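>>> Next one to model:
(chains A and B)
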Amino acid sequence: MLGWRAPEIEQELPELQLLIGEAQHARAQPLTGASPADVRQRLSELSDRFRGARAVAIRREPVPAAYRVFFRHIGLEPDTVRTPIEAAILERMVQGGFPSRGLLEDVLLVALVDTGVPVWALDAEAVDGQLGIRASHDGERLGRSADAPVLPAGRLVVADASQALAVLFGELAPGHEPHSRTRCVKLFAVQVAGVPSVSAQEALWGCRAALQQR
Amino acid sequence: MSNFEQSVIERDDPAPGLTLMRGSSLATVEHADARYASVELQQAAERAARVSLRAQIARLEREHSAIVAERFPHICPSPIAMPAGREHGPALLDLGELERVRDRLAGAVQELRARALERLEHERRAREQLQRMRLEPGRYKFARLPVRDLGEGVCGVWEVRPRLGLIGMLAGWWELKLSSGCPLPRGLRSMRGPG
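Numbers count the residues shown, from 1 in each chain, chains lettered A, B, ... in the order given. Have a look, this model is predicted:
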């Protein structure tokens, strides 16, 4: 399913799309708990796929390159604020592998490394209506919690019907992340110009399949 | 003539003053239309300019990435300063901000191109030096040339050494040798001990 876009975004960045999916968490482990063996095995396989040479050359591959271009279009410097795939590969180089950080984070990382498309997850119960992309209003807060940080006006955010819930390619609203008792997550992927739809859909599908597996 | 009839006549044949007033309001409407059209035209032109700038940024970014990917580690990217106030988050950039991004990226690409050319020249000189060392090793006794200078890797050194050590030095037997490359990850076997 595609998320909505504010008219000014649709006009200025017509190829920017928000892909949304929902997944029922069916595994025995909690989302924030340790990953099962199959997920850790997949992370290990992916670690072997990336060596130093590819870490440098990845910026020229079509999907990562598309995110670099988009970062520049929205005022982010991709050599300072790394694109999600480059950040993951850089960490792989520093750590010597993809360390496991819990079921949900691992599943999202596998999807990212497999397809190059970043996926984020929100607690479905904390989302009000459909997700979309818009610019933040003056004085708007990131999320509904009492300690939610205030956003500067004009920041690109992923929002539900009433509130900004994530900065685009940035942090999620505090209190809206999935927690150990979350059974249903709202997944979203950001597709930009130059990223094939099939890659973005595959990223979402991969996450959903991994979480729904019993 | 009744009042009604008179009003009908006036409506059909309006007074000169009334015509002037209507004309003036028509002119105002036309003027407003023209102004609206001009604003729309300007907005469309700005939108087209932003599209063009985004295309230029995309082209420059691809070139920037290509130079870095091809010449790494000899050429590393240095972060480009972004428009003031935009460092910390994503936003829709206006025309001026997109221009600044484009200009800074163009400057960075130009700098990378210059460094790449310098590097190519450095490697060309190193290859010529290696050729000379190979042809006349006796003229370049103990000269060392890292393979990094040739753009062929990061470890290893070409060195002119005497064949058979002291005998070669006395007899003038010099040869060009390449060191064995990168150090082993676990250190030298002789230092590691058995196993």
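>>> What about B:Arg100, how many residues nearby?
18 (other CB atoms under 10 Å in any protein chain shown). Placement of C-beta: from N, CA and C, glycine included.
>>> actually B:Ala66, sorry about that
16.
>>> pretty sure it is in contact with A:Glu61, am I right?
No. With contact defined as CB atoms under 8 Å, B:Ala66 does not reach A:Glu61; the gap is 11.9 Å.
>>> Report the buried residues of the lowest-mean-pLDDT helix or strand in chain A.
In chain A, no helix or strand scores lower on mean pLDDT, DSSP states H and E than helix A:52-57, which sits at a mean of 85. Residues A:Val56 are the ones in helix A:52-57 that count as buried (16 or more other CB atoms under 10 Å in any protein chain shown).
>>> next SSE after that helix?
Downstream of helix A:52-57, the first helix or strand assigned by DSSP states H and E is helix A:62-73.
>>> Figure out how far that next one is from the centre of its chain.
In terms of CA atoms, centre = their mean, to the nearest Å, the centre of helix A:62-73 is set 15 Å apart from its chain centre.
>>> Which element is encountered next along the chain beyond that helix?
helix A:84-95.
>>> So that following helix, near chain B or not?
No. Against chain B, helix A:84-95 shows no contacts by CB under 8 Å from any CB of the partner chain, the least distance being 10.6 Å.
>>> what packs against that helix?
Contacts defined by 3 or more CB pairs under 8 Å, 6 or more residues apart in numbering or on different chains; DSSP states H and E place helix A:84-95 against helix A:52-57, helix A:62-73, helix A:103-115.
>>> so which of the ones you listed comes closest to A:Leu168?
helix A:62-73 (9.7 Å; CB to CB).
>>> Using CSV, write out every CA atom in that closest one.
Taking Å, rounded to 0.1, in the frame of the first residue of the first chain, the C-alpha atoms of helix A:62-73 are listed here in CSV:
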residue,chain,number,x,y,z
PRO,A,62,22.0,1.9,-8.6
VAL,A,63,19.9,1.7,-5.4
PRO,A,64,22.5,3.1,-3.0
ALA,A,65,23.4,5.8,-5.6
ALA,A,66,19.7,6.8,-5.8
TYR,A,67,19.6,7.4,-2.1
ARG,A,68,22.8,9.4,-2.2
VAL,A,69,21.3,11.7,-4.8
PHE,A,70,18.0,12.0,-2.9
PHE,A,71,19.9,12.9,0.3
ARG,A,72,21.5,15.8,-1.6
HIS,A,73,18.1,16.8,-3.0
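>>> Pull out the buried positions in it.
A:63-73.
>>> for chain B, what's the longest helix?
helix B:16-71 (DSSP state H).
>>> follow-up on the earlier one: could you say what helices and strands the least confident helix or strand of chain A packs with?
Going by 3+ CB pairs under 8 Å, 6+ apart, helix A:52-57 lies up against helix A:84-95, helix B:16-71.
>>> For chain B, just list every one of the helices.
Under DSSP H, chain B gives helices at B:3-12, B:16-71, B:95-135, B:166-171, B:189-192.
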